[in-house]
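*Asks:* next input, structure requested:
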Amino acid sequence: MTPELTALTFAALLQVLQFFAYSIAANRQVGTKTALGPRDTPVQLTGTPGRLQRAMNNHFEGLILFTIACLVVTLGGQSTEFTAACGWVYALSRVLYVPAYAFGLSPWRSVVWSVGFFATVLMLIAALI
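*Replies:* All right, here's what the predicted structure looks like:
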């Protein structure tokens, strides 16, 4: 497995952990009856549970582009130390993004997000060179 795919796997496992963190926090806020119910009325999470939900959704969005970058690099035979480093920078930025978002660390949340985004963009550009 290429280092980029290893970083992608790590990022996917982080998404699983984010789901658990969000689910636990959300269940504590809304209660078991609401969490297990049909949710015919949308539930609006606030505070930390809401931020954990938004961080998780943001990671789903980021994973799409990062997955494309990893596949292009790997399938195109363009894996290098540079693209591997970009993959791990993305993964690390996502680890840092969760607490930055959960604790409302502004502007650091956006800075950390930007680092991961640009690491992904650099992987895509490197695949073309």
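*Asks:* give me the buried positions along stretch 4-22.
*Replies:* Burial within stretch 4-22, assessed by neighbour count using 16 or more other C-beta atoms under 10 Å, is assigned to 4-5, 7-8, 10-11, 14, 18, 21-22. Glycine gets a C-beta too; all of them are placed from N, C-alpha and C.
*Asks:* in helices only, show me those.
*Replies:* 4-5, 7-8, 10-11, 14, 18, 21-22 (DSSP state H).
*Asks:* buried residues in the helix or strand containing residue 90?
*Replies:* Take DSSP states H and E as the rule and residue 90 turns out to sit in helix 81-102. Within helix 81-102, the residues that count as buried by 16+ other C-beta under 10 Å are 83-94, 96-98, 100-102.
*Asks:* what residue in this structure is the furthest from its centre?
*Replies:* residue 33 (28.9 Å; C-alpha atoms, centre = their mean).
*Asks:* for that one, what is the enclosing helix or strand?
*Replies:* Counting by DSSP H and E, residue 33 is part of helix 32-36.
*Asks:* list the buried ones in that helix?
*Replies:* Buried residues in helix 32-36 (16+ other C-beta under 10 Å): none.
*Asks:* C-terminal to it, what's the next element?
*Replies:* Using DSSP H and E, the next helix or strand after helix 32-36 towards the C-terminus is helix 47-75.
*Asks:* okay, angle between that next one and helix 81-102 too, please.
*Replies:* 170 degrees (axes from the mean of the first three to the mean of the last three C-alpha atoms, to 10 degrees).
*Asks:* check contacts around the nearest residue to residue 21 once chain neighbours are set aside.
*Replies:* Using C-beta to C-beta, 6 or more residues apart in numbering and skipping residues adjacent in sequence, the residue nearest residue 21 is residue 52, 5.5 Å away. Applying C-beta atoms under 8 Å, 6 or more residues apart in numbering to residue 52 gives the contacts 18, 21-22, 25-26, 98, 101-102.
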